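A.B. asks: Quick one, what's the 3D model for this:
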Amino acid sequence: MKIFITRKVPETGINLLKENGYEIDVSPHDRVLSKEELVSALKQKPYDAVLCLLTDKIDAEIFEASPNAKIFANYAVGFNNIDIEEAKRRGIVVTNTPDVLTDTVAEHTFALIMAIAHRVAEADKFVRDGKYEGWAPELLLGTDIKGKTLGILGAGRIGARVAFQGKNGFGMEIAYYDIKPNEAIEKEFQATFYPSVEGLLSASDFVSIHVPLLDSTRHMINTSRLAKMRPTAYLINTSRGPVVDEKALFEALRDGIIAGAALDVFENEPKVYPGLEKLQNVILTPHIASATLETRSAMSTMAAENIIAFFEGQTPPNAV
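C.D. replies: Numbers count the residues shown, from 1 in each chain. All right, here's what the predicted structure looks like:
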């Protein structure tokens with residue numbers, strides 16, 4: 001069996017595939033391949049499987065370029081980069097890598113919450129710029145986290161884990177919005193369910209986004225909804241960039257509609273909305289919420305295990 005990997009991933013998964021006797025080709029370019037480059041690469045051999053990344057746009061043209069490949073193993077928990085309906089029409093299995101990154105993404109979410117609340121990035125730059133002249137009573141005042149309301153937008157695995165950390169680690173009040181109530185989160189964290197996004201936004205001091213990117217969630221956070229937030233509130237996004245209208249967020253931050261934001265994902269990655277990077281009340285990290293050695297290696301292994309299970313005639317454990 002021949003497998004094409006669209007970009008170098010941790011060796012754990014690659015080695016596992018090799019140990020099972022598969023022929024592995026990894027793209028020699030450690031960057032996102034253009035559509036033309038990916039099509040060309042897939043046409044080089046009759047590949048039986050493709051291990052792809054979230055940054056790869058997998059559509060009918062890609063499927064056509066590799067007609068032998070009946071499984072596309074996505075190295076990500078999300079799969080909005082793959083045309084799932086087209087895959088179904090062609091009898092192609094699509095898999096993802098859920099669960100293994102839940103704790104890591106939740107940790108990064110809280111790293112962002114703490115950093116924006118305590119103005120860590122601003123303070124770091126302040127010192128590096130040689131502006132620190134000694135302790136002062138009102139120097140770079142931030143805000144406490146304890147006792148504040150943490151609004152979870154999307155109470156799935158990661159959202160629930162962020163709620164766990166907020167409640168048990170910082171004594172926060174938990175509020176959440178989802179398409180339906182989650183009794184488990186209400187019982188465990190005494191969380192309050194809000195049936196509307198607007199209700200959650202107006203009730204929260206920190207809003208953390210954990211929804212998948214769907215047609216219904218694109219620009220879920222927009223001008224009118226940002227206006228519902230408290231002027232002292234903070235928005236944190238570690239889900240998908242297009243969930244937030246970045247232009248609207250820039251204007252809200254610039255005009256003081258909300259106090260601040262922390263983003264790990266962007267609407268048009270790797271581009272950031274012009275001017276956003278110049279604002280002091282926003283923290284920007286380059287889509288690294290799952291970027292730990294342990295987690296990225298586990299994702300590589302899981303993607304490989306999905307391929308192996310498929311070739312052994314089993315249903316892959318993480319078939320979408």
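
A.B. asks: those helices in the stretch 151-300 of the chain, which residues are they?
C.D. replies: 157-164, 170, 183-189, 197-203, 223-226, 246-254, 293-311 (DSSP state H, counting those that start in this stretch).

A.B. asks: And these: which comes nearest residue 237?
C.D. replies: Nearest of the helices of the stretch 151-300 of the chain to residue 237, taken as Cβ to Cβ: helix 246-254 at 8.9 Å. Any C-beta I mention is one placed from the backbone N, CA and C, and that applies to glycine too.

A.B. asks: Now that closest one: buried residues?
C.D. replies: Neighbour counts over helix 246-254 (16 or more other Cβ atoms under 10 Å) mark 246, 247, 248, 249, 250, 252, 253 as buried.

A.B. asks: contact partners of that helix?
C.D. replies: The contact list for helix 246-254 (Cβ atoms under 8 Å, 6 or more residues apart in numbering) reads 219, 221-223, 226-227, 229, 235, 257-258, 260-261, 266-268, 272-273, 275-276, 279, 281-282.

A.B. asks: Can you lay out the buried residues of helix 246-254 as a markdown table showing pLDDT?
C.D. replies: Shown next, in a markdown table, are the buried residues of helix 246-254 (pLDDT from 0 to 100):
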| residue | pLDDT |
| --- | --- |
| 246 | 98 |
| 247 | 98 |
| 248 | 98 |
| 249 | 98 |
| 250 | 98 |
| 252 | 98 |
| 253 | 98 |
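
A.B. asks: Can you say which of the helices of the stretch 151-300 of the chain is packed in most?
C.D. replies: Each of those was scored by mean neighbour count; the highest is helix 157-164, a mean of 23, by mean count of other Cβ atoms under 10 Å.

A.B. asks: Please list all residues in contact with residue 102.
C.D. replies: Counting by Cβ under 8 Å, 6+ apart, residue 102 touches 157, 158, 161.

A.B. asks: ok, it to residue 212 distance?
C.D. replies: When distance is defined by Cβ to Cβ, to the nearest Å, residue 102 is 14 Å away from residue 212.

A.B. asks: coming back round to it: in JSON lines, list the contacts of residue 102 along with distance to residue 126 and pLDDT.
C.D. replies: Converted to JSON lines, those look like this (distance: Cβ to Cβ, whole Å; pLDDT from 0 to 100):
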{"residue": "157", "distance to residue 126": "37", "pLDDT": "93"}
{"residue": "158", "distance to residue 126": "32", "pLDDT": "96"}
{"residue": "161", "distance to residue 126": "32", "pLDDT": "97"}
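
A.B. asks: Let me know the closest of those residues to residue 148.
C.D. replies: Residue 148 has its nearest neighbour among the contacts of residue 102 in residue 161, at 18.3 Å by Cβ to Cβ.

A.B. asks: Could you find the closest non-adjacent residue to the closest one?
C.D. replies: In space, and not counting its chain neighbours, residue 161 is closest to residue 106: 3.8 Å by Cβ to Cβ, 6 or more residues apart in numbering.

A.B. asks: Check residue 290 too.
C.D. replies: Distance criterion Cβ to Cβ, 6+ apart; nearest residue to residue 290, sequence neighbours excluded, is residue 101 at 4.1 Å.

A.B. asks: what residues are up against that neighbour?
C.D. replies: Contact analysis of residue 101 by Cβ under 8 Å, 6+ apart lists 77, 289, 290, 295, 298, 299.

A.B. asks: The last one and residue 168, how far apart?
C.D. replies: Between residue 299 and residue 168 the computed distance is 26 Å (Cβ to Cβ).

A.B. asks: quick revisit: is it possible to export the buried residues of helix 246-254 to JSON lines including distance to residue 174?
C.D. replies: Converted to JSON lines, the buried residues of helix 246-254 look like this (distance: Cβ to Cβ, whole Å):
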{"residue": "246", "distance to residue 174": "27"}
{"residue": "247", "distance to residue 174": "30"}
{"residue": "248", "distance to residue 174": "26"}
{"residue": "249", "distance to residue 174": "23"}
{"residue": "250", "distance to residue 174": "29"}
{"residue": "252", "distance to residue 174": "24"}
{"residue": "253", "distance to residue 174": "25"}
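
A.B. asks: Let me know the closest of those residues to residue 52.
C.D. replies: Using Cβ to Cβ, residue 246 comes nearest to residue 52 of the buried residues of helix 246-254, at 25.5 Å.

A.B. asks: Report the separation between the closest one and residue 15.
C.D. replies: Counting by Cβ to Cβ, the separation of residue 246 from residue 15 is 39 Å.

A.B. asks: can you check residue 266 too?
C.D. replies: Relative to residue 15, residue 266 is positioned 33 Å away (Cβ to Cβ).
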